[in-house]
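> here is my input, please return the structure:
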Amino acid sequence: MKILVVDDEELLVKGIRFNLQNEGYEVITGSNGLEAVQLAQSQKPDLVLLDVMMPEMDGLTACAKIREFSEVPIILLTAKSDDMDKLIGFDHGIDDYLTKPFNILELKARIRALLRRAKSFSQASTNLLTIGSISLDLDARNAYRSGELADLTAKEFDVIEFLMRNPNRVYSREALLDTIWAYEYRSDIRTVDVHIRRLREKLEENPAEPQYIMTKWGVGYYFRK
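I've put the predicted structure just below:
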């Protein structure tokens, strides 16, 4: 996850960057509102921390401009505690705020909460089904392995979608034929094995030692969650 931190207090920025990098985040920094807008547009961060009082352009104006092209979560950092200032911030499109001085643990908690919310919204809006490193865009009928598009046939997509919708449940070859092929290939049960092998080649990091598309010997196949 990439986080943009913009504040004209150099020591504060260094402290936030140090703590967030220790949490595994990639951190980009700026020192004024104009940089905030430019970096938000060019770097496409997953979350923005934005101070209110900054040179070049204040944080509220920067937030409004960012909202013209992005719905990225924004946390406003402010030295003011007046309720009206907070309300103005929400009117400009912020998602949360922290009043200085703040506890770094609270900042981390709020960042995690906003990133979780943003991820859930993204999955809901694009109708994604994700387990581990495998994702299915159910609207576009596209499959992804670790974010990379995998070229699946229509039937391959049907098989992996069915298994992912019913994780950890074992299905026999006959059951998969009945459900997905509707008896179309009932005379050749090996077609299930062929599709499973191709799915492993396209979606597993190591097809010889699959992590997700599993075999229950003597029974059938299942998707491990």
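> on the pLDDT front, check the residue lying closest to Asp51 once chain neighbours are set aside for me.
Nearest residue to Asp51 in three dimensions, chain neighbours excluded: Asp7, at 3.9 Å (CB to CB, 6 or more residues apart in numbering). Just so you know, the C-beta spots here come from the backbone N, C-alpha and C atoms, and that holds for glycine as well. Per-residue confidence (pLDDT) for Asp7: 95.
> now do the contacts for Asp7.
Taking CB atoms under 8 Å, 6 or more residues apart in numbering, we find Asp7 in contact with 13, 16, 31, 49-51, 54, 77.
> can you do 7 Å?
The contact partners of Asp7, taken as CB atoms under 7 Å, 6 or more residues apart in numbering, are 13, 51, 77.
> can you tell me which of these has the most neighbours?
Neighbour counts for the contacts of Asp7 (other CB atoms under 10 Å) peak at Asp51, which has 25 neighbours.
> could you point out which element follows the helix or strand of the chain with the lowest mean pLDDT?
Within the chain, no helix or strand scores below helix 83-91, which has a mean of 60 by mean pLDDT, DSSP states H and E. Per DSSP states H and E, helix 83-91 leads on to strand 96-99 as the next helix or strand towards the C-terminus.
> quick one: strands adjacent to that next one?
Strand 96-99 pairs in its sheet with strand 74-78 (parallel), by DSSP bridges.
> how is this protein partitioned into domains?
Domain segmentation of the chain under automatic domain parsing yields 2-126, 129-223.
> tell me where this protein has strands.
For the chain, applying DSSP state E gives strands covering 2-6, 26-30, 47-51, 74-78, 96-99, 128-131, 134-137, 142-145, 148-150, 213-216, 220-223.
> would a markdown table of these with distance to Glu68 be doable?
Shown next, in a markdown table, are the strands of the chain (distance: least, CB to CB, whole Å):
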| stretch | distance to Glu68 |
| --- | --- |
| strand 2-6 | 16 |
| strand 26-30 | 18 |
| strand 47-51 | 14 |
| strand 74-78 | 13 |
| strand 96-99 | 20 |
| strand 128-131 | 26 |
| strand 134-137 | 27 |
| strand 142-145 | 29 |
| strand 148-150 | 29 |
| strand 213-216 | 43 |
| strand 220-223 | 41 |
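> would you mind finding the most buried of the ones you listed?
Compared across those, strand 47-51 shows the largest average neighbour count, a mean of 26 (mean count of other CB atoms under 10 Å).
> tell me what angle that strand forms with strand 74-78.
Strand 47-51 runs at 20 degrees relative to strand 74-78, counting by axes from the mean of the first three to the mean of the last three CA atoms, to 10 degrees.
> for strand 47-51, C-alpha coordinates in CSV please.
What follows is strand 47-51, C-alpha atoms only, in CSV (Å, rounded to 0.1, in the frame of the first residue of the first chain):
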residue,chain,number,x,y,z
LEU,A,47,-4.3,6.9,1.2
VAL,A,48,-3.4,10.6,1.8
LEU,A,49,-2.4,12.3,5.0
LEU,A,50,-2.9,16.0,4.6
ASP,A,51,-2.1,18.9,6.9
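> mind listing what it pairs with, with the direction of each?
For strand 47-51, pairing defined by DSSP bridges yields strand 2-6 (parallel), strand 74-78 (parallel).
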